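1. build me a structure from this.
(2 chains)
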Amino acid sequence: MTDAAVMGIAVIVVFAAFAPGLARRLPPATATRLLAPASVFVAASGIFILAVVAFTWVGQYPEIAQRGAWSTAVLRTNSPPAAAAAICGVLVLLAAISASLTLIRRARALVSVRRACRGLTATGDVVVVDDPRPEAFTMPRPIGRVVVTTGLLDALRPDERRALFAHELSHLAHHHAWWRLIADLAAAVNPLLRPTSRSVATAVERWADEDAARAVRDRRLVAHTLARVALRQTAAARSAPQLAATGGDIATRVLALLAPAPRRRPIPLAALIALVVSTALPAAAVQHSGENLFEHAASHSSNRTV
Amino acid sequence: MARGRGDLEQQVFATLVAGERPMTTGQVREALGDGLAYTTVMTVLARMHAKGRVTRERSGRSYAYTAVDDEAELAALQINRLLDAHGDRAAVLTRFAGELSDDESRLLRSVLDEDEP
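-> Predicted structure coming up:
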């Protein structure tokens, strides 16, 4: 059991280290759709392994052993070291607290964004705000609004505005904020997955960039619009506080738009899928050996009582 | 006289608009003239401030409130609150671009220059 658990944690570390790099080689929509659920899966299998190990320790308490009718002595001799199991239990607890806090904070944030947005006049999905700060962002559905300031619109040419709106409307159409939330929750459970969540944040921006490039049929236009807006926002940030959100890794996005459109790449795709699947195997092994351990301990306990 | 929270808010709002100058909680309560509890008026004003319907400035030990009359002004206040979003509020928004580090700025400038036809 200890071996399977250590193997499981090792595979999760490998995923956390390599998945973001592999995802960068994939078309951004594929990367997002694969990486966000995968990070949840990996976070969950990590918690599962820790919980099973922790339970071998919890199960040694006489009150609990009695209830489950297993022998504490047999359990103790075959279980992972008590200190390690106790640490696993604490980690499970911390992960649960961290995930709940993130969920509550995000839900409250959505409610407050929704409140701030009430009474704004929208044309379709777009709200134009009379403000000198160059700013554009999207509030996810169910609010579903694209907010753009006059400060930004005035600075853009008509074709650049088209690129901007195509980008923002892609966020709405494909529920990008929710993909990001999923990855952020996984990272709240398992801090090793923070780089993965950052790469999901960049992937959804790249996804919207590629959609915009297709919509205006000009990759360079989107690249130049993005770079110009970012430079303008950087200059504006010197004089007034700006929105704390960032649109992923902007330099990466610009360079990707100046390169040819991403192609389907079977090898990184297969490698990423293999990595996800391989995290499931040790978790299954832990489950199997955990079951055996408790069955074994239970059979000894019943032998004694008979 | 029974009245809902909304009614009281409307009356406080009307009082502030009619007052034409910033009014403290005590002044609003006096102008309403209904024998309302000070804390009731204070709560209503705080709620209206949270909604962006009034602005406030320090006046001695309490605040003086001004009605945000104009709809555009109200929208601007709300949007200010949006644009000042930090932490989780910022995390639920997807932003088009964002600030660059000095290195990134230099990189993008040179890329743009090179790419100009």
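
2. all contacts plus neighbour counts: C-alpha atoms, from now on.
-> Noted.

3. which non-adjacent residue is nearest A:Ser170?
-> A:Ala208 (5.2 Å; Cα to Cα, 6 or more residues apart in numbering or on different chains).

4. same deal with B:Arg53?
-> Nearest non-adjacent residue to B:Arg53 (Cα to Cα, 6+ apart): B:Val68, at 5.2 Å.

5. quick one: that neighbour and B:Arg56 touch, right?
-> No. Contact criterion Cα atoms under 8 Å: B:Val68 and B:Arg56 do not qualify, at 10.0 Å.

6. for those two, indicate the residue with more neighbours.
-> More neighbours surround B:Val68 than the other of B:Val68 and B:Arg56, with 20 against 17 (other Cα atoms under 10 Å in any protein chain shown).

7. any idea of the mean pLDDT in stretch A:125-141?
-> Regarding stretch A:125-141, the rounded mean pLDDT is 83.

8. so how far does it reach from one end to the other?
-> In stretch A:125-141, first residue to last residue: 10 Å (Cα to Cα, to the nearest Å).

9. quick check: buried residues in that stretch?
-> Counting neighbours by 16 or more other Cα atoms under 10 Å in any protein chain shown, one finds that the buried residues in stretch A:125-141 are A:126-130, A:133-141.

10. could you do stretch A:63-72 as well?
-> A:65, A:69-72.

11. how about B:Leu16: what's its closest non-neighbour residue?
-> B:Ala67 (5.6 Å).

12. kindly state the beta-bridge partners for the one you found.
-> B:Val54 (DSSP bridges).

13. hang on, isn't it packed against B:Gly52?
-> No. With contacts counted by Cα under 8 Å, B:Ala67 stays clear of B:Gly52, the gap being 9.2 Å.

14. which of these two has more neighbours?
-> Between B:Ala67 and B:Gly52, counted using other Cα under 10 Å, B:Ala67 has the larger neighbour count: 25 against 19.

15. so how far is stretch B:24-35 from its chain's centroid?
-> 22 Å (Cα atoms, centre = their mean, to the nearest Å).

16. just stretch B:45-57 next, same as before
-> 6 Å.

17. with stretch A:177-189 instead?
-> How far stretch A:177-189 lies from its chain's middle: 3 Å, per Cα atoms, centre = their mean.

18. could you do stretch A:65-82 as well?
-> Using Cα atoms, centre = their mean, the mean C-alpha position of stretch A:65-82 is found 37 Å from that of the whole chain.

19. where do the strands sit along the chain?
-> Just so you know, I chose chain A. Remark: strands assigned in chain A by DSSP state E are A:126-129, A:136-139, A:145-149.

20. that was the other one, I meant chain B.
-> Under DSSP E, chain B gives strands at B:23-24, B:54-59, B:62-67, B:94-95.

21. tell me which residue is most central in chain A.
-> A:Ala183 (1.0 Å; Cα atoms, centre = their mean).

22. I'd say that one and A:Val40 touch.
-> Yes. A:Ala183 lies in contact with A:Val40 (Cα under 8 Å); the separation is 6.8 Å.

23. quick one: low-confidence ranges for chain B?
-> Counting by pLDDT under 70, chain B contains low-confidence ranges at B:1-6, B:69-89, B:116-117.

24. measure the nearest residue to A:Arg114 once chain neighbours are set aside to A:Val92 for me?
-> Counting by Cα to Cα, 6+ apart, A:Arg114 lies nearest to A:Ile143, which is 6.3 Å off, once chain neighbours are set aside. Between A:Ile143 and A:Val92 the distance is 34 Å, computed by Cα to Cα.

25. more neighbours: these two, which one.
-> Per other Cα under 10 Å, whichever of A:Ile143 and A:Val92 has more neighbours is A:Val92, with 21 against 17.

26. follow-up on the earlier one: wait, what's in contact with the residue nearest to B:Leu16?
-> B:13, B:16-17, B:53-55 (Cα atoms under 8 Å, 6 or more residues apart in numbering or on different chains).

27. thinking again about what came up before, and chain B, which of the buried residues of stretch A:125-141 contact it?
-> Checking the buried residues of stretch A:125-141 against chain B by Cα under 8 Å from any Cα of the partner chain, the ones in range are A:129-130, A:135-140.

28. just the closest of those to chain B, please.
-> Relative to chain B, the closest of these is A:Phe137; by Cα to the nearest Cα it sits at 4.1 Å.

29. quick check: the closest one touching A:Glu168?
-> Yes. In this structure, A:Phe137 is within contact of A:Glu168 by Cα under 8 Å, at 7.0 Å.

30. next, show the common contact partners of these two.
-> A:146, B:96.

31. helices of the chain, start to end?
-> Since no chain was named, I'll use chain A. A:2-24, A:28-58, A:62-68, A:72-78, A:82-117, A:150-153, A:158-173, A:176-189, A:194-216, A:219-237, A:250-258, A:266-305 (DSSP state H).

32. please go with chain B instead
-> B:5-19, B:25-32, B:38-51, B:71-83, B:87-91, B:102-115.
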